[in-house]
Each structure stands twice: as structure tokens, then as C-alpha cells.
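> next input, structure requested:
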Amino acid sequence: MKCLIIIPAYNEAENIEKVINNLTENYPQYDYIIVNDGSTDGTEEICRRNHYQVLNLPINMGIGGAVQTGYCYARDNGYEAAVQIDGDGQHDVAFLADMLKPLETGQADMVIGSRFVQKEGFQSSQLRRVGIRFLSNLGWLLTGNRVKDITSGYRVVDRRFIRIFAQDYPADYPEPEAIVIASVYGGRIREYPVVMREREKGESSITFKKSIYYMCKVTLAMVIRRISFGVRRQKK
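Prediction:
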């Protein structure tokens, strides 16, 4: 499949070279696009100096806006599959070929790289795991789909969902809400066991205080998204 790797990056000057060098040296069969989300460190300069494939957003749009930009690029350039990985090096592209197979064989429309299937590698903090479990249960109640690693940013979608997400993608903390969108559109979602690395350099954008906001915001967003689709269907 013609596959594009979308790499949202905000202030990843300490990590982005390692991520791209790994891709170009070990996985040259995959195209990639960095979406530099208005970084204020040296991310843009590093991309320019190394002639990376990059889209520079003039302001910080947040993870949702950066990822949606990548989906628009994938749609406009005829890609059959799009992959989202983080710019901090936590996601191992070695798993990508196996994650693509369910799409290639027509068995899935979205594949989530999951830490919690075989529970190997970096498992996140205990507090975050509690939050992830809550959101996973909420997603199951809203859609009937059980996704254990519902906040995973390592995911693959097919051409249909490239078009859908290019048109409609959550703006803020989008991963769980995107699962709801995929479910209500009838997407077949699978999880594939992956091993994730702990961030080596830089800081996560989600602090303790933001974690509380994250849980409240995402919970409401998932519920409202599900209700809105139900109302839309009734009107039709």
C-alpha cells in the first residue's frame, strides 16, 4: 500500500533527527511528512538544515490540528494508508509492516498500536493507566468497541478514514474521540501489540494539572460526539 507516516512535532528539536534518521536508514519504503506545529525551539531549523519533508504551521494548532494537516496531505497526494507516530521517538516503526497487514487484507480499517495487549515495554505511569482504563471503558459503553490503549498515538488508517479525518478530526487530545468517530462510521478497529519506548529527551506536553483537564475534556468530547451522531441520524 502507498503509505504515509505523519509525524506531528512540537518543540522536538532534541528528538526529531533520531526519529527521521531511523526512518530513512531502516525503513526507506515509507514516505513521511513532519508537521511542525509552530515550534518555538530549533525544530524548524533542524528540518530545514537536513532537508526533511516538512509542513511548517505558522502557529501552534495543537496535536489535533497538526495530525489533521497530515491527513489532508495524505488525501491530496493519493495515499492508501496513513500512519501517525509521535515525534519524540516512543513509537517503533519496526511494527508498522505487521500493523498494515489487516488493512491490506481488508480485515480492518484502523489499527491501533497497543502497549496493553502483551504488556511489554514502557507502560506509562500508574495514574495515566487508570485514566486510560476509564476512557477505554467509556469508549466501549458509547460504541461497543473495546480499545485497551485508547490514547495511543500510534495508529494506522485506510484511505476511507484518511478522507474522513481530513474533513473532521478532534482539535484537542484527539485520540479517544477519534476512536468514537471511527466507530460511528462503522470502522473495523483492531489493536496490534507493540513495544513503546519512554521519552528520552524533552518534556511531555501533558503535565499533572493538564491530566485533570484532559480527563474532563476528553470524557465530555466523547459523549457529545456520540450524541451528536445519534441526533444527526434521527434528522435523516
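> how far away is the nearest residue to residue 192 once chain neighbours are set aside from residue 219?
Spatial nearest neighbour of residue 192, chain neighbours left out: residue 99 (4.9 Å); criterion: Cβ to Cβ, 6 or more residues apart in numbering. From N, CA and C alone the C-beta is placed, and that goes for glycine too. Distance of residue 99 to residue 219, given as Cβ to Cβ, to the nearest Å: 28 Å.
> comparing the two, which residue is more hemmed in?
A direct count of neighbours by other Cβ atoms under 10 Å for residue 99 and residue 219 places residue 99 higher, at 23 against 15.
> packing partners of the strand or helix carrying the more buried one?
For residue 99, the enclosing helix or strand under DSSP states H and E is helix 96-104. When contacts are defined as 3 or more Cβ pairs under 8 Å, 6 or more residues apart in numbering; DSSP states H and E, helix 96-104 packs onto strand 3-9, strand 81-84, strand 110-114, strand 155-158, strand 189-193.
> may I have that helix exported as PDB, CA atoms only?
Extracted C-alpha coordinates of helix 96-104, given in PDB (Å, rounded to 0.1, in the frame of the first residue of the first chain):
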ATOM      1  CA  LEU A  96       4.400  -1.000  11.000                       C
ATOM      2  CA  ALA A  97       4.600  -3.700   8.400                       C
ATOM      3  CA  ASP A  98       2.500  -6.000  10.600                       C
ATOM      4  CA  MET A  99       0.100  -3.200  11.600                       C
ATOM      5  CA  LEU A 100      -0.600  -2.600   7.900                       C
ATOM      6  CA  LYS A 101      -1.500  -6.200   7.100                       C
ATOM      7  CA  PRO A 102      -5.100  -6.100   8.400                       C
ATOM      8  CA  LEU A 103      -5.700  -3.100   6.100                       C
ATOM      9  CA  GLU A 104      -4.000  -4.800   3.100                       C
END
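> tell me the mean pLDDT for it?
Mean per-residue pLDDT for helix 96-104: 95.
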